[in-house]
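Q: need a structure here:
(chains A, B, C and D)
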2 protein chains.
Amino acid sequence: MAYRKTPAEIRRLEAAREHLVACATSVVAEVGWAQASVTAVADAAGIAAGSVYQHFPSKAALAVEVFRRAAAREVTVIGGVLQAEGDPVGRLRRGVEVFARRALENRGLAHALLAAPADPKVAAERIDYRRRYHTLFAEVVHEGMAAGLLPKQNGEITAAALTGAIGEVLVGPLAAHDESATGELIAELTAMALRCAGAPAA
Amino acid sequence: MAYRKTPAEIRRLEAAREHLVACATSVVAEVGWAQASVTAVADAAGIAAGSVYQHFPSKAALAVEVFRRAAAREVTVIGGVLQAEGDPVGRLRRGVEVFARRALENRGLAHALLAAPADPKVAAERIDYRRRYHTLFAEVVHEGMAAGLLPKQNGEITAAALTGAIGEVLVGPLAAHDESATGELIAELTAMALRCAGAPAA
DNA sequence: GGAAACTCTGAATGATGGTTCACTGCTTGC
DNA sequence: GCAAGCAGTGAACCATCATTCAGAGTTTCC
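A: Sure thing, here's the model as predicted:
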């Protein structure tokens, strides 16, 4: 017993891991999952390729961690908005707006989360990620129906539709490089979402 | 000049190519793009792996051909429905219905076209495929607005939203193996699509 | 029948990129 | 200072497939 990790050493290792995850996230946001090789990620973090395997058992595990962190951040934010106090329809509108704004502000990452080609493990995470949005939207839709603000409908289907609709509308602008007409885009997107859920026109 | 393809030989080669495309389509529908190796496809067609390269310069070229054929069939059918005579809203409803019914009747292929992980060349085709739906939906929405049946809106955004919404709603059931409640699914899906475009409730 | 030109075969080739590992150098506890 | 044990390195290793190619089998035309 001539070696035992001191607290400072543990902190240093954890920091290195965090740094790796952060750098990997940047690389993925910039070049997508397919181009984010272990070498590229390691280079970005300033370490050797082999060192990645001191923090993660495989490339897939690192990729999953990157996805989960980013996905959790988004879901938390949107969940907070959708589950706030007050009018369900207003919350839905605001949720869509925040979703779109955040995506357009961090396009690379949004594209990686929503649409960029990814290996199977990450694709599985993405399904889960979308399911979480389904759940959140379904809740609001159900509350809206209960409050008599939305017509009778299958909340789960509407929720899935909202997820898909918002994603598809944003994917084009996310891939494009011009930032024109963001305001109009968001206005039209929220209007569409409200119609989709059956909210009466303002 | 001691050899020149006879018409029968040309026909035989074309048939072989068609057969290869058909078998490749089946394989892709069954196991997805990622698992459809050249060997697997060649085996399914009853030829050697090397023979694939007499009909296509690369695996990617074959994959693109498979995608294009299947995509063109779907777009043609849905286009026919959406561009028929009569009430734009009715055509939209019917288009969504036909889309969903066909997808649920050929789940493997629908999944391959809509969602299954694919290599870049195929992914690019998929973007084009979805753009064709955008165009078709946008036309109907514009006609609906012109006829005063739909409220003022950005037709392109609604069209993209419809594409994404329908895809997302179907992807779950497409992956699942139970065929329960197909009727209700289609009914709810069409109702959602009409709300999304702003058609007044029936 | 036979030479030329083609199709078909499937094992060898090659490229890619994740993973390993022998080695270097640092940290720990005595 | 020193022995033990760990973190970090990066070149070698390895697995996976798409792709090639030399040879075998067919078809064509004289």
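Q: Where does A:Val77 fall, secondary structure wise?
A: Using DSSP states H and E, A:Val77 sits within helix A:59-82.
Q: Give me the buried positions along that helix.
A: Neighbour-count burial for helix A:59-82 flags A:59, A:62-67, A:70-71, A:74-75, A:78-79, A:81-82 (criterion: 16 or more other C-beta atoms under 10 Å in any protein chain shown). C-beta: built from backbone N, CA, C; applies to glycine.
Q: Same check on stretch A:98-112?
A: A:Val98, A:Phe99, A:Ala100, A:Ala103, A:Leu104, A:Asn106, A:Arg107, A:Gly108, A:Leu109, A:Ala110, A:His111, A:Ala112.
Q: what packs against the lengthiest helix in chain A?
A: In chain A, ranked by residue count with DSSP state H as the criterion, the top helix is helix A:7-35. The contact analysis (3 or more C-beta pairs under 8 Å, 6 or more residues apart in numbering or on different chains; DSSP states H and E) places helix A:7-35 against helix A:38-45, helix A:59-82, helix A:107-114.
Q: what's near enough to touch the spatially most central residue of chain A?
A: For chain A, the residue nearest the mean C-alpha position is A:Ala71 (3.8 Å; C-alpha atoms, centre = their mean). Neighbour list for A:Ala71: A:Leu113, A:Glu125, A:Arg126, A:Asp128, A:Tyr129, A:Arg132 [criterion: C-beta atoms under 8 Å, 6 or more residues apart in numbering or on different chains].
Q: One more: A:Arg101?
A: Contacts of A:Arg101 (C-beta under 8 Å, 6+ apart): A:Ile186.
Q: tell me which element it falls in.
A: Per DSSP H and E: helix A:88-105 holds A:Arg101.
Q: by how many degrees do that helix and helix A:107-114 diverge?
A: Here the directions of helix A:88-105 and helix A:107-114 differ by 120 degrees (axes from the mean of the first three to the mean of the last three C-alpha atoms, to 10 degrees).
Q: With just CA atoms, put helix A:88-105 into PDB.
A: Below are the C-alpha coordinates for helix A:88-105, written out as PDB (Å, rounded to 0.1, in the frame of the first residue of the first chain):
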ATOM      1  CA  PRO A  88     -51.300  25.200 -20.300                       C
ATOM      2  CA  VAL A  89     -51.600  26.800 -23.700                       C
ATOM      3  CA  GLY A  90     -49.400  29.600 -22.800                       C
ATOM      4  CA  ARG A  91     -46.800  27.200 -21.400                       C
ATOM      5  CA  LEU A  92     -46.900  25.200 -24.600                       C
ATOM      6  CA  ARG A  93     -46.300  28.300 -26.600                       C
ATOM      7  CA  ARG A  94     -43.500  29.300 -24.400                       C
ATOM      8  CA  GLY A  95     -42.000  25.800 -24.400                       C
ATOM      9  CA  VAL A  96     -41.900  25.700 -28.200                       C
ATOM     10  CA  GLU A  97     -40.400  29.200 -28.300                       C
ATOM     11  CA  VAL A  98     -37.600  28.400 -25.800                       C
ATOM     12  CA  PHE A  99     -36.900  25.100 -27.600                       C
ATOM     13  CA  ALA A 100     -36.500  26.800 -30.900                       C
ATOM     14  CA  ARG A 101     -34.500  29.700 -29.500                       C
ATOM     15  CA  ARG A 102     -32.000  27.500 -27.700                       C
ATOM     16  CA  ALA A 103     -31.700  25.200 -30.800                       C
ATOM     17  CA  LEU A 104     -31.000  28.200 -33.000                       C
ATOM     18  CA  GLU A 105     -28.500  29.600 -30.600                       C
END
